[in-house]
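# Show me the folded form of this:
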Amino acid sequence: SLLQEKLLACKMPRAANQVDKEDPEYLAKRAKNNEAIKRSREKARAKAKDTQTKVDHLKKDNKRLEDKINVLGQEMQFLKDIFLAHAGAQNPGAAVAGAVAGMAVGVAAGEQGGNMQLLNSLLSEIDQPTP
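Predicted coordinates:
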């Protein structure tokens with residue numbers, strides 16, 4: 001078509017894309033570009049390291065929280081059992097059940113003074129049938 005012919009005629013000839021690799025200007029640009037690449041890669045490495053540190057910290061925190069949930073679940077079950085044992089005593093063992101509940105909190109919390117033998121003996125007193 002006529003339009004295409006005119007466009008082809010108007011185009012400027014391209015300069016040869018040949019670079020003299022010994023040209024000081026070219027060498028300066030290459031050195032500058034190499035430094036920019038080095039900075040960019042170092043920045044990416046630092047960011048990846050920081051992200052990995054955050055991931056490790058979050059995993060550790062998550063594990064700690066999961067362990068806490070587990071311990072609290074066990075404590076809740078233990079206290080529920082104590083409550084049910086107390087409710088089953090039908091008041092004659094209310095004083096003993098109250099002492100057991102107080103001790104149960106200490107034992108479930110892992111306190112040093114929580115005496116399991118005493119707790120078991122109190123629980124057996126609650127479970128004994130009333131005359």
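
# Run through this protein and note the low-pLDDT ranges.
In the predicted model, the chain carries pLDDT under 70 at residues 1-17, 89-131.

# Can you show me the helices along it?
With DSSP state H as the criterion, the chain has helices at 2-10, 24-88, 94-108, 116-127.

# Not counting its neighbours along the chain, what's nearest Asp20?
Take Asp20 and drop its neighbours on the chain: the residue closest to it by Cβ to Cβ, 6 or more residues apart in numbering is Tyr26, 6.5 Å away. For every residue, glycine as well, the C-beta is placed using N, CA and C.

# Does that neighbour touch Asn33 like I think?
No. The pair Tyr26 and Asn33 fails to qualify as a contact (Cβ atoms under 8 Å) at a distance of 10.5 Å.

# Can you tell me how far Asp50 is from Arg30?
To Arg30, Asp50 is 30 Å away according to Cβ to Cβ, to the nearest Å.

# thinking again about what came up before, count the residues that sit near the residue nearest to Asp20.
12 (other Cβ atoms under 10 Å).

# That one and Val19: what is the separation?
Separation of Tyr26 from Val19 (Cβ to Cβ): 6 Å.

# repeat for Leu79
80 Å.
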